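K.L.:
quick one, structure for this:
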Amino acid sequence: MDAIFKALNDPARRALLDSLRQSDGQTLTDLCEQLDMTRFGVMKHLKVLEDARLIVTRKAGRFKYHYLNALPLQELVDRWVHPFLQPQARALSHLKATLEGQTMTRPDFILQTFIRCTQAALWEALTDADQMNAYHFIARDIRWDGDTLVMDAADGSPMFRNRTIRAEPMHRIEATFAPQWDDTPPSRSVFLIACEGDHCRLTVEHYGLHHPVATNGVADGWARWAAGLKTWLETGQSHRFAEETTAGAQNAPG
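P.N.:
Modelled structure (predicted):
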């Protein structure tokens with residue numbers, strides 16, 4: 001928590017976070033153009049934000065891209081604010097700012113969280129439809145049709161048809177991300193699992209989005225999905241982190 005408060009206690013760092021909130025995945029050059037300071041000064045501010053887990057970075061080719069990682073702020077709200085607003089606080093999501101691997105295509109969105117569970121348990125939760133039905137924040141009927149994960153809403157309306165592209169058991173799942181409520185072309189999601197002793201690091205990468213992350217609910221949807229997954233694996237309890245006023249499926253990841 002101290003690192004988060006330190007990171008936020010500077011107007012330049014808050015400006016960098018605001019910039020990434022508006023346009024995620026910017027390079028150092030992109031960010032330097034927005035601040036009246038040297039390149040080295042911007043790099044120092046980015047290092048503080050990265051240490052606080054408020055941003056994550058992804059290298060693609062010669063460029064390094066910076067992404068807003070807002071879940072630590074939600075963790076802070078859950079601990080210090082949420083208990084005063086509701087009688088039951090939501091489960092906390094523990095995050096990290098280091099990503100695995102490098103590809104030549106940069107993701108449009110990244111989320112990362114720690115979950116206290118075994119690698120096998122996390123893999124099963126990500127691939128077993130019955131478990132997904134227990135923790136997904138908005139889908140109510142999840143099932144496999146061959147290599148395609150079918151997700152429907154409570155009223156039976158289709159939500160997603162996500163086809164598995166490739167899977168490396170216990171380590172990696174790559175799949176299409178195909179909403180059914182409009183004509184948006186499929187994008188692509190990747191789950192990366194790394195075992196770290198008594199817990200696992202789960203990284204979600206989302207590629208090929210056709211709308212800005214800041215306006216189409218992608219970040220909020222993945223955050224709610226991750227909170228449900230984490231609660232399920234760490235407590236064995238099913239809890240859906242859905243907005244009471246959710247108007248549609250546009251926020252729902254698969």
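K.L.:
state the mean pLDDT of whichever strand or helix holds Val56.
P.N.:
Val56 belongs to strand 55-60 when assigned by DSSP states H and E. For strand 55-60, the mean pLDDT works out to 87.
K.L.:
what's the helix or strand following that strand in contact with?
P.N.:
Once the chain leaves strand 55-60, the next helix or strand it forms, by DSSP H and E, is strand 63-68. Strand 63-68 is contacted by residues 17, 20-21, 24-28, 31, 46, 54-59, 106-107, 109-110, 219 when judged by CB atoms under 8 Å, 6 or more residues apart in numbering. No exception for glycine: its C-beta is placed from N, CA and C like everyone else's.
K.L.:
Cys10 touches His45, doesn't it?
P.N.:
In this structure residue 10 is Asp, not Cys. Yes: under the criterion of CB atoms under 8 Å, Asp10 makes contact with His45 at 7.0 Å.
K.L.:
who has more neighbours, those two?
P.N.:
Neighbours were tallied for Asp10 and for His45 using other CB atoms under 10 Å; the higher tally belongs to His45 (19 against 13).
K.L.:
residue contacts, that one?
P.N.:
Asp10, Ala12, Arg13, Leu16.
K.L.:
check the second one and give its pLDDT.
P.N.:
According to the model's per-residue confidence, Ala12 sits at a pLDDT of 90.
K.L.:
do a quick rundown of the helices in the protein.
P.N.:
Secondary structure of the chain, counting by DSSP state H: helices at 2-8, 11-22, 28-32, 39-51, 71-80, 82-85, 119-127, 129-135, 218-235.
K.L.:
would you mark the buried spots in the first one?
P.N.:
This means helix 2-8. Ile4, Ala7, Leu8 (16 or more other CB atoms under 10 Å).
K.L.:
ok, the fourth one next?
P.N.:
Across helix 39-51, burial judged by 16+ other CB under 10 Å covers Val42, His45, Leu46, Val48, Leu49, Glu50.
K.L.:
nearest to Asp182 among these?
P.N.:
Distance to Asp182 across these (CB to CB) is lowest for Leu49, with 34.5 Å.
K.L.:
just name the most buried of the helices of the chain.
P.N.:
Mean neighbour count, computed with mean count of other CB atoms under 10 Å, is highest for helix 218-235 among the helices of the chain, reaching a mean of 22.
K.L.:
quick one: that helix to helix 119-127, angle?
P.N.:
130 degrees (axes from the mean of the first three to the mean of the last three CA atoms, to 10 degrees).
K.L.:
which residues of the chain score low on pLDDT?
P.N.:
74-105, 212-216, 244-254 (pLDDT under 70).
K.L.:
middle-most residue in it, spatially?
P.N.:
The centre of the chain sits closest to Leu111, judged by CA atoms, centre = their mean, with a distance of 2.9 Å.
K.L.:
looks like that one contacts Ala223 (just checking).
P.N.:
Yes: using CB under 8 Å, Leu111 is in contact with Ala223, at 7.0 Å.
K.L.:
shared neighbours of these two, anything?
P.N.:
Listed as contacting both Leu111 and Ala223 by CB under 8 Å, 6+ apart are Leu71.
K.L.:
from Thr231, how far out is Tyr135?
P.N.:
Distance, Tyr135 to Thr231, by CB to CB, to the nearest Å: 7 Å.
K.L.:
joint contacts of these two?
P.N.:
Common contacts of Tyr135 and Thr231 (CB under 8 Å, 6+ apart): Ser238, His239.
K.L.:
contacting residues around Gly156?
P.N.:
Gly156 is in contact with Asp141, counting by CB under 8 Å, 6+ apart.
K.L.:
Tyr207 - nearest residue in space that isn't next to it in sequence?
P.N.:
Closest residue to Tyr207 apart from its sequence neighbours, by CB to CB, 6 or more residues apart in numbering: Arg188 at 4.4 Å.
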